[in-house]
Structures are given as structure tokens and as C-alpha cells.
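> test case, fold it:
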Amino acid sequence: MHTMAKSRSMMTCHIIRMMALGLLLLATMDLTTAHNKYPGIPAYNILASDHIPFTQVQPTNVSQQCLDAFAQLIVDPTKTIYVADAMGKPAAGALVGNVAWIGHYDECKSLKYKYCIVQMHVDGTSVVPKLAVDVSWGVCAPQECSPEDVKNGISLLAKYANISQYITPNTKAMAVCSQDQTYDAGFIGMVAFCSVILLVILQSSLIETALRIKLPKLTSPLLQLQAESFFETRRGGDKEEEDDVPLIGSEGNLAGQNVVVQEPTQQNMVTRLLQSFSLTSNTAKLLDSKQSDRSIGCLNGLRVISMFWVILGHTLVFANMTQNLENPYSLFNYAKRFGFQAVLNATFSVDTFFFLSGLLVGFLTFMRMAKTDGKIPWFWFYFHRFWRLTPVYMFTILFFMYLVPYMGKGPFWLLDTKTACAKYWWTNLLYINNFYPKNFGDECIGWTWYLANDMQFFIISPIFLMSFFMLPIVGVILVIVTILASFIVTGTLVGYYDLPVFFNMEYLEPKYIHDHPHPPPMDFQSMIYGKPYCRISPYLVGIALGYIMYKIGNRKVKMNPIIAFLGWLITAAIAISVLYGNYPSLHGNYLPSLTANVIYASVSRFAWSIALAWIVFACKYGYGGWINNILSWSGWVVLSRLTYTAYLVHPIVLLVFYFNFATAVDFSIVVFSVYFVGCLGISYGLAAVFSIAIEYPCANIEKFLMPKDVLSKRTIDASSSSRETIQ
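As a prediction, the model looks like this:
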């Protein structure tokens, strides 16, 4: 017992000696004397000579200029103290997860030195159980040292301190060093592009404002011509139509409206483009919260609450991703609470959007097919989806690549926003970024894997739509077979690769990490979470419900109250089982069995979509009660229109927020809640800017791109389908 305690004490002292004092503090104490005693001998030779043979620490992989700069430093005790003070040191709680040894970024930069974050692996399990973690160490290095020098220097330092058996650089990560930001061509180009958009918006808005206040005459003939044609176009009535994109559409005043399709007046292209950017018209469209009695109002609440849920989950994920939590084990203890399971399982919010996407595509397309005897202009069917999603999507990538790098600084503001997007942006444009690159973490703005899945579902949706419309039994069989195939594929992958689908503390144990060299969550995300063949079941359930609603038409559905009550009871049981099914294992000190993993991964998302189907069905047909009152609240309408852009921009808000921290963060429910509410508000504010400046203008431009007959049919069908929605 005494020997074990002594070993622990010695190992801990070694780690603190290297991390806290390192070579620099040693230099302050006795290296200056040694340098004077042995003039002309390089400093790193002196360091090695008093501890272990120099031949074992030859710095062959550290550049000479870096070593020379370091030798210059250690003979200046005053500066050495400041540099040592700026470097990261082990903080209290290292054995319970406080591995963000950040140091002082501003102090290091004030010394004209280079601040670097080095990932090191500390493995002291032979002495201290469970001490096997990746440490983020803030290093204040001379400007002459490259990131590779800094990383390789850790090995030299570990050998010198005779603890290389405990500490090694993380071979999967490079040292990342701060660099002074310079305005590159990408930044200048994006600023110019945004300025042009702003000028166009201002010009269009000034024209409309002039018309509204009835100015007697515009001085510019060109402006007067544009204003007149603008006025003529707006006069025809600009009712927003229903959209089959769940992140875009809203159930506002569009449902039940008799849209007037007017033959557009002859205008030049400049005028037609200009009027699409009107700030006043687009803002009015965004803020219109009127709802028709015939609309499926509960969809607004489902959209917004699901988007809030997505942001809530990402607020937690991004906080942990920065590795600057000083009490991550406290977070894991919070994760064991019953109420916290809804946060951990926020991934089901995405399945809500898959379900809504299938529902809207199915219901609206069936209604249009009924009006046209099954004839759909398939080119415009696909073009509409691509056009509505892509422009603001691509703008977000450019914004992330070229503007976000200039929005912060600090020890964690070392993220690379350009490499992945410069290499893989085209996979986002083609909506294949969930397949390539293969690693989930290598994607350009990786959170858009959902858009790739949704687009792929949309591409194959006509197979199911035509089957349901022509031969319903074939459609039912296709849906059932596809869902069963998804179950089999998902279960096989989880079972074969032994992938965990539940969160459990056991996954953080050294033995599990040793037996599973790749991080289990990343394997699950890359192989299961982002793949369409594992996520398609909610989409197909949505299409099936859309067909049922189409067939019911405008008939009133009568249901026995007992049946309705049982429906809600079963729905609640399904939802609670999905969200809280892992709760017992978090307190039983055991990992879920392989069988449990397979069943849950295969069936849980389908079960969730079944619960959603009942909620929509019951709320629409008058059996939703107070739940329908909440979900159909008119206040959701405006936020519902911002769902898509909020989805795109909220991770950027979280990244900018968390990566601007200069110190480690203490996690608590109160702090986490404040972070969530703040980032939620900022995300929706930025989403409104993106919608008004990019999304809405592009949606307006689409009306000029489509042929008149296609546009007329789309508008009439959208209005008719809404009118025929069940009372």
C-alpha cells in the first residue's frame, strides 16, 4: 500500500514538474548557472547532461532555428519567467477530467511569442486508475518554432523529465498555433459580395418606400420605370404558397387562400431581380403570423420545438467539443439524471424533420397529382427543391470559410474553417456529403449531413409517390419492405461492428478505449447516424401519413373518445421508451447488451415517427386538445419560417461563442441554460438576416425562372390542397 502511494506521488510530481515548470522554469533556477559554467555548449545539451544521457534526447526532429531561439530564451531569466507564467499548467481536478491546461493567451502574445495548443496523451493507468486522457496544453513558443517543432519538442521534454512512458504527443493531432489574421482575397470578396447584396436590398426597399408614401415623382427615369413595374407586380397579390421543404415551409396565412395567378407584366431582367430583394416586402412576409382555420397548424409548433431541441443538444455537444470544460465528469453525472435524457437524445429532433419532410412531400404531391391525373413536371419538381435549399446553403459555406475566422481570438480560436470546405464543398453542392468524405468529422460544415439525407430521400420519393397514387397496395408493400430493409441493415452494422448506440460512462474507461481504438461515437456517426439507409423510416412514415390525409380529403373523421385516449397513451409510452430507455443502464454500472443495441438502433427512430404521426393526425382532426392548442399557437409561425436558416447558422454561433473563451468553463445546469438561451436568440436573429437577404429573394427569383404554366399549376394546386385540408 505504501509502495503504491509512493509510486503515485512520484508520477504526479513528474507530471506537474514537466507541465507546470517544464524546461523554462528549470532554466530560471539553475540552467543560467549551467550555461555560464559551460559556455559555448548548447542549452539543450546542458539540460540533458544532468538527467539522462544526451544520446537519448538528440533533438533531430526539432529545427535548429527553434532550438537556437529556445537557447536564447533560457539565458534571459526575466523573460523566461513571463513565458513560463503564460504556459499552461495542470489545474485542480486533473484526475477528474480537467485536462484544459490552457495558460494565458494574451500574456503569451504580448511577449511576441507564438501561442500553441498541443494535444498530448497522458496514460498513467499503471499508477493511477482511469488516468488515460488527452490533454490540451497551452504552450508559449518562440516565433521561430513551427507547429511541428512544438509537437516534436514534447517528446524531447518528456524524455528529459524521464516520464516519456506516461506522456506522448497525440499522433492523431498536430500542434495548432495562433497566427495573426490578415485580410485575404476570400474575406475581401465576401465583404464585397455582401455589400452588393446590401445595396440591392436598399435600392429595392427605397423604391417600395417611395411608392408607399406616394412621392410625386422620382427624379431618375430608370428608378421610376423600375418602381412602376415593381408596383404592378406587387399589385397582383403575393401570397406565399405551401412548401414541401419541412425546414422552409410554414402553416401561416397561405392555407385556404384563393391565390390569384396574374399574367406578369413585361419587365427587364434587372427590374425583376431587383424587386425580389425588397426589405419591406420580405420582412412583412416573414412576420405575417396569420393562420387559416384549414391549415395544419400543429406543424409550426413541431418545427420550432424540434429546432429548439436541435440547438439545445448542440449547445451541449459544442461545449464538450472545445475540450475546455474544467469539470467534464460533472457533466457525465448530470447525464445520469432522468430529466437530462431528453438533452442526450436530442438527435431524435432530426427524425422529426425527416418525418415532416415525407409528410409534406407526400400530401402536397398527391393533391397535385389528383388535379393533373398523376402528371407532375418532374424536372421542376427537383429544381424547386434544389433551388430553395442551395443558394443560402452555399452562402453559409462561404460565410463560414471567409468571414468566421475574423470573428474571434484566443487560445481556442485555432479552428480551421477553410481546409475541409475548400476540399469538399462540392460534395455539399451535390448533396453527397454524408457519403464522402467517409469520416463524419471531415465534412464541410458537418451538421449539414441532414440536408444530404433529405435530398436523397426526395430524389427517390417519386417511386413511393407514384406507387401509392397508381396502386396503393404496391405503395404500402414498398414502404414496409424498405423499412424492414433499413432495420436489417442498421441492426447488422451495429451488431457486426459492436457499435454503441446509448451513452454510458463505461465508454470512457481506459479498457474500453484500448479495446476500441476508434472513438465509438464517431464510428456510429460515420457508419449509422448519417447514412440514408439507416434513417429513411421516419420519411416513409411521413409519406404514408400524407397519403392517408389525401385520401380522407375534406371528410370529417369521427373517433371514439376511448380510442383517442388510447392513441395518446400509446404515443406517450412510445416517446418515453425511446427517450428514456437507456436510463436504467446509467445507474446499473453495466453496458447495454449487443442485442439491446441492435434493437434500439433499428427500431427507435421508426417508433418515434409513429408517435409523431399520431400527434399530427389527432391534432389535425380535432383530437389534439390542449396539445394542439400549444402546437398551433400563431406565435410559432414566424419562427417556423426561420427554421431552415436557423439550422444552418446556429452551429456557427455556437462555434464563435465557445471558441472565444480564454479560460476553462465550469459546467452547471444554470450556466448551460444561459448559454442555450443566448445562443438560441442570436441564432434566430442571424437566421432572419440570412432569410431576408438570401433565402427569400432567391425564392422570389424562382417564380421568374419557372415557366408560366408550371408556376400557375404550382400556385393553384397549393391553394387547392390547403382548401381541401380537413376542417
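> give me the low-pLDDT residue ranges for the stretch 451-600 of the chain?
502-522, 588-590 (pLDDT under 70).
> where do the helices of it begin and end?
Along the stretch 451-600 of the chain, the segments classed as helices by DSSP state H, counting those that start in this stretch run 472-497, 510-515, 520-524, 532-535, 537-552, 561-580, 583-587, 594-620.
> again, but for the stretch 101-250 of the chain
105-110, 147-160, 185-212, 221-235.
> and the helices of the stretch 451-600 of the chain as TSV, adding distance to residue 147?
In this view, the C-beta of every residue, glycine as well, is placed from N, C-alpha and C. Shown next, in TSV, are the helices of the stretch 451-600 of the chain (distance: least, CB to CB, whole Å):
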stretch	distance to residue 147
helix 472-497	34
helix 510-515	26
helix 520-524	24
helix 532-535	38
helix 537-552	44
helix 561-580	43
helix 583-587	39
helix 594-620	39
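> looking at the ones you listed, which is nearest to residue 353?
In terms of CB to CB, the element of the helices of the stretch 451-600 of the chain nearest to residue 353 is helix 537-552, at 8.6 Å.
> that older thread, and of the helices of the stretch 451-600 of the chain, who's closest to residue 457?
Here helix 537-552 is closest among the helices of the stretch 451-600 of the chain (CB to CB), at 4.6 Å.
> mean confidence for stretch 190-201?
Averaging pLDDT along stretch 190-201 gives 95.
> residues of that stretch that come out buried?
Within stretch 190-201, the residues that count as buried by 16 or more other CB atoms under 10 Å are 190, 194, 200-201.
> same check on stretch 339-352?
Buried residues in stretch 339-352 (16+ other CB under 10 Å): 340-341, 343-352.
> gap between that stretch and the chain center?
The chain centre lies 14 Å from the centre of stretch 339-352; the measure is CA atoms, centre = their mean, to the nearest Å.
> pull up the distance across it, start to finish.
20 Å (CA to CA, to the nearest Å).
> repeat for stretch 660-680
17 Å.
> now that stretch: mean pLDDT?
91.
> how far does it sit from the chain's center?
17 Å.
> buried ones in it?
Buried residues in stretch 660-680 (16+ other CB under 10 Å): 661, 663-665, 667, 672, 675-676, 679-680.
> adding secondary structure and distance to residue 379, write these out as TSV.
Below are the buried residues of stretch 660-680 laid out as TSV (DSSP: H, G, I helix; E, B strand; the rest coil; distance: CB to CB, whole Å):
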residue	secondary structure	distance to residue 379
661	coil	49
663	coil	55
664	coil	54
665	strand	51
667	coil	51
672	helix	47
675	helix	45
676	helix	43
679	helix	40
680	helix	39
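> in a markdown table: these, plus distance to residue 283.
Listed next are those as a markdown table, based on distance: CB to CB, whole Å:
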| residue | distance to residue 283 |
| --- | --- |
| 661 | 34 |
| 663 | 40 |
| 664 | 41 |
| 665 | 37 |
| 667 | 38 |
| 672 | 33 |
| 675 | 29 |
| 676 | 27 |
| 679 | 23 |
| 680 | 21 |
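> where does pLDDT dip in this structure?
1-60, 124-132, 156-174, 211-212, 214-272, 293-294, 415, 502-522, 588-590, 708-727.
> where do the strands sit along it?
Ranges of strands within the chain are 100-101, 114-123, 132-141, 167-169, 176-177, based on DSSP state E.
> for residue 319, find the nearest of the ones you listed.
It's strand 100-101; of the strands of the chain, that one is closest to residue 319 (CB to CB) at 11.8 Å.
> export the strands of the chain to CSV and tack on distance to residue 575 and mean neighbour count?
Shown next, in CSV, are those (distance: least, CB to CB, whole Å; neighbours: other CB atoms under 10 Å):
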stretch, distance to residue 575, mean neighbour count
strand 100-101, 37, 24
strand 114-123, 40, 22
strand 132-141, 36, 22
strand 167-169, 46, 19
strand 176-177, 42, 20
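> shouldn't residue 680 be in contact with residue 308?
Yes - contact criterion CB atoms under 8 Å: residue 680 and residue 308 qualify, at 6.7 Å.
> just to revisit the earlier point, ok, so of the buried residues of stretch 339-352, who is nearest residue 464?
residue 351 (17.8 Å).
> surely that closest one touches residue 610?
No - between residue 351 and residue 610 there is no contact under CB under 8 Å: 10.9 Å.
> who are the contact partners of the residue nearest to the spatial centre of the chain?
Note on the chain: the residue nearest the mean C-alpha position is residue 447, at 3.6 Å, using CA atoms, centre = their mean. Residue 447 is in contact with 314, 647, 651, counting by CB atoms under 8 Å, 6 or more residues apart in numbering.
> hmm, try it at 6 Å
residue 651 (CB atoms under 6 Å, 6 or more residues apart in numbering).
> pipe the buried residues of stretch 190-201 into CSV and attach distance to residue 423 per row.
Listed next are the buried residues of stretch 190-201 as CSV, based on distance: CB to CB, whole Å:
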residue, distance to residue 423
190, 19
194, 24
200, 32
201, 33
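> list just the nearest of the residues you listed to residue 635.
residue 201 (26.7 Å).
> what residues of stretch 369-380 count as buried?
Quick answer for stretch 369-380 (16+ other CB under 10 Å): 369-370, 376-377, 380.
> actually stretch 563-583, sorry about that
564, 567-568, 571, 574-575, 578-579, 581-583.
> state the distance from residue 356 to residue 622.
As judged by CB to CB, to the nearest Å, residue 356 and residue 622 stand 20 Å apart.
> repeat for residue 182
Counting by CB to CB - residue 182 and residue 622 are separated by 62 Å.
> try residue 387
Counting by CB to CB - residue 387 and residue 622 are separated by 36 Å.
> which stretches in the stretch 301-450 of the chain count as helices?
Using DSSP H, counting those that start in this stretch, helices in the stretch 301-450 of the chain cover 328-334, 341-344, 348-371, 378-402, 419-429, 449-470.
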